[in-house]
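[1] need a structure here:
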Amino acid sequence: MDPTSASREALLNQLERLQKPIDLVQTLHERQVKEVPARYILPSDQRPSRPLQVQQSLPVIDLAGLEHIDQRYKIVSQIAQASKEWGFFQIINHGIPLSLLESVKGVSQEFLELPLEEKRKQCPMRPGTLMLEGYGRFFDISDDMVLDWVDALVHYISPEWAKAVEHWPKIPSTYRETYENYGEEVMRLMQKLLGLLSEGLGLETNYIYTLIKESLLQLRINYYPPCPQPDLVNGLRPHSDGDLLTVLLDDGVDGLQVEKDDQWFTVTSVPGSLIVNIGDLLQLVSNGIYTSAQHRAVVNTIQDRMSIVMFLIPQRDVMMGVASELIDEAHPRLYRTIKAEEYGTVYMSQDFQGKCPVNALLIDQVKQVDV
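    Numbers count the residues shown, from 1 in each chain. Reported below is the predicted structural model:
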């Protein structure tokens, strides 16, 4: 079966599973359930423990002054170091108007506050360009897996051919205009960040951006309602992102946790900042110099939480491989080359935990499998 057919079949299989009568977590919250249903309860050894109170925090990088050579060199060094050590960083003075960020959060919250049936009517779950789109549950890969305490809205922001605006929220009426403006700003920001990340690897500024052609920008609005037993569940299971680069806007409620040195750290966002993280495909291109860190979401008993996530995804026919300029006798190639569509299909159709998908591309791992 060719990769495109395999991708489509995986989407249809996932959609069929999601038609089964599993309540969304919004419904469970509205019912005021006192105990978490069994499908959501993690084995005792996988439950999120309280992060250690270690004096480390996500790097905060100020992008102001990029036009000055000395300041640009400093920013490139900071981003490269954060991408190697954390795989995550926060940015301030990123160039996106704070008023627009507030509008994005506002229209997103207004949509999430609609009755569930209205959300499903406006944004039905359906096979999209590369994955399922609509409002509901995602990542329910198998019938026996433990479910995450999250509902989500997913759709593409760009390019034009990937958008299905007829299935975007109609309420509020400003949703489309707000997200089209935000999408344009985020694409400009991502191009800027990819330039800085390229320079941090010693590559030409446009190296990574040129590699991925006309990429797709996908939106996922995660909704985490209060949970009666938050210590028993994942808001979103530990994983790394299967894209190239991710930009996250949160609502100020703690819940995102990042793993570093085998410890989990809660991310406390800086007002007006955006959170950036390295995707699996950028770890691959960088030959493992940059890391796509494991992260997860945890929930609480009293507060809703919302995160607004933009994923930069190469077009399906782009071959993703290690930059040849990074390979020499002292630095051999660590990962095999893979078509973006094939990686996306594997990532979305198997019940992986953590970084299994990208680790499966390690050449030593491939050799072991082939033996």
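[2] packing partners of the longest helix seen in the chain?
    Counting residues, the longest helix in the chain under DSSP state H turns out to be helix 175-200. Packing partners of helix 175-200 (3 or more CB pairs under 8 Å, 6 or more residues apart in numbering; DSSP states H and E): helix 69-85, helix 98-112, strand 151-158, helix 207-211, strand 216-224, strand 245-250, strand 305-313. C-beta coordinates here come from the backbone N, C-alpha and C atoms, glycine included.
[3] give the other helices and strands that the fourth one contacts.
    Read it as helix 207-211. Secondary elements touching helix 207-211 (3+ CB pairs under 8 Å, 6+ apart): helix 175-200, helix 280-285.
[4] pretty sure residue 209 sits against residue 192.
    No - under the criterion of CB atoms under 8 Å, residue 209 makes no contact with residue 192, lying 9.4 Å away.
[5] neighbour count winner among the two?
    Regarding residue 209 and residue 192, a neighbour count based on other CB atoms under 10 Å identifies residue 209 as having more, with 20 against 17.
[6] OK, contacts around that one?
    191, 194-195, 198 (CB atoms under 8 Å, 6 or more residues apart in numbering).
[7] select only the buried ones of those in PyMOL?
    Command for PyMOL that selects the buried part of the contacts of residue 209, burial taken from 16 or more other CB atoms under 10 Å:
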select buried, resi 191+194+195+198
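[8] relative to residue 296, which of the contacts of residue 209 is nearest.
    residue 194 (25.4 Å; CB to CB).
[9] now do that closest one against residue 304, distance only.
    As judged by CB to CB, to the nearest Å, residue 194 and residue 304 stand 33 Å apart.
[10] burial of the closest residue to residue 66 other than its chain neighbours, as a residue count?
    Spatial nearest neighbour of residue 66, excluding adjacent residues (CB to CB, 6 or more residues apart in numbering): residue 72 at 5.1 Å. Around residue 72 there are 16 other residues, counting by other CB under 10 Å.
[11] same thing with residue 48?
    Residues near residue 48, counting by other CB under 10 Å: 20.
[12] who's in contact with it?
    So residue 48 contacts 231, 234, 257, 264, 296, 298 (CB under 8 Å, 6+ apart).
[13] wait, doesn't the first one sit right on residue 46?
    No - judged on CB under 8 Å, residue 231 makes no contact with residue 46 at a distance of 11.6 Å.
[14] more neighbours, those two?
    The neighbour comparison of residue 231 against residue 46 (other CB under 10 Å) goes to residue 231, with 15 against 11.
[15] pLDDT score assigned to residue 86?
    Per-residue confidence (pLDDT) for residue 86: 98.
[16] from residue 150, how far off is it?
    On the measure of CB to CB, residue 86 and residue 150 end up 23 Å apart.
[17] the two: who's more crowded?
    Ranked by neighbour count (other CB under 10 Å), residue 86 and residue 150 place residue 150 first, with 25 against 22.
[18] so the more buried one touches residue 227, yeah?
    No - using CB under 8 Å, residue 150 is not in contact with residue 227, being 10.0 Å away.
[19] hey, what's in contact with both of the two?
    Joint contacts of residue 150 and residue 227 (CB under 8 Å, 6+ apart) are 25, 235.
[20] in this structure, where is pLDDT below threshold?
    1-21, 50-56, 128-130, 141-142, 349-353, 365-371 (pLDDT under 70).
[21] for it, which residue occupies the most central location?
    In the chain, the centroid-proximal residue (CA atoms, centre = their mean) is residue 241; its distance is 4.9 Å.
[22] how many neighbours does the nearest residue to it once chain neighbours are set aside have?
    Nearest non-adjacent residue to residue 241, counting by CB to CB, 6+ apart: residue 279, 4.4 Å away. For residue 279, the neighbour count with other CB under 10 Å is 23.
[23] list the residues that contact residue 279.
    240-246, 292, 311-312.
[24] reformat those residues as CSV; add distance to residue 176.
    Shown next, in CSV, are the contacts of residue 279 (distance: CB to CB, whole Å):
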residue, distance to residue 176
240, 31
241, 25
242, 27
243, 23
244, 25
245, 24
246, 22
292, 31
311, 19
312, 21
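[25] ok, residue 104 touching residue 179?
    Yes - counting by CB under 8 Å, residue 179 is a contact partner of residue 104 at 7.0 Å.
[26] on that earlier part again, quick one, which of the helices and strands packed on helix 207-211 is packed in tightest?
    helix 280-285 (a mean of 27; mean count of other CB atoms under 10 Å).
[27] cool, thanks, talk later.
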